[in-house]
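quick one, fold the following:
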Amino acid sequence: MPHLVAIVDDDESVRTALTRLLRSAGYAATSFVGGAEFLLRPGTPHCLLLDLDMPGTNGADVLARLVTLGLRIPTIIITGNIQESHAEAVRTLRVLQKPFDDQVLLDAVAAAIRVAA
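Numbers count the residues shown, from 1 in each chain. Reported below is the predicted structural model:
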């Protein structure tokens, strides 16, 4: 059974492209329009690709909620803009600034899953 990677990003084109990329690399991939939708779905992915800048429940909110729930999901931040307000959230996480190379993303996902296993 392939590892499940969840993609949380408000940009439909990003979600579609990442879903295709991950599936072509042999991962199971599911996507969510925003943080609230992801948090409402049961299940725990093996890896989370999370945009920080989203309306409503943003990436920092998702990270805080996961901590509150005691969930340790390997997370890779994907963002076009790292703001000062996100500095604390991204200190200990892998951060990829958009646009990024496909292979860089696939390597980061593989490493996150490997470290968590």
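
low pLDDT regions in the protein?
Low-confidence segments of the chain (pLDDT under 70): 81-93.

if we use 90, what do you get?
Applying pLDDT under 90 to the chain flags residues 1, 41-43, 52-53, 60, 72, 77-101, 104-105, 108, 111-117.

if I look at R65, how far off is R94?
Going from R65 to R94 by Cβ to Cβ, to the nearest Å gives 19 Å. From N, CA and C alone the C-beta is placed, and that goes for glycine too.

got phi/psi on the closest residue to Y27 other than its chain neighbours?
The shortest distance from Y27 to any non-neighbouring residue, by Cβ to Cβ, 6 or more residues apart in numbering, is to V5 (4.9 Å). Main-chain dihedrals, V5, degrees, to the nearest 10: phi -120, psi 130.

secondary structure element for the most centrally placed residue in the chain?
By Cα atoms, centre = their mean, the chain has its centre lying nearest to L49, at 1.4 Å. Using DSSP states H and E, L49 maps to strand 47-50.

all set, thanks.
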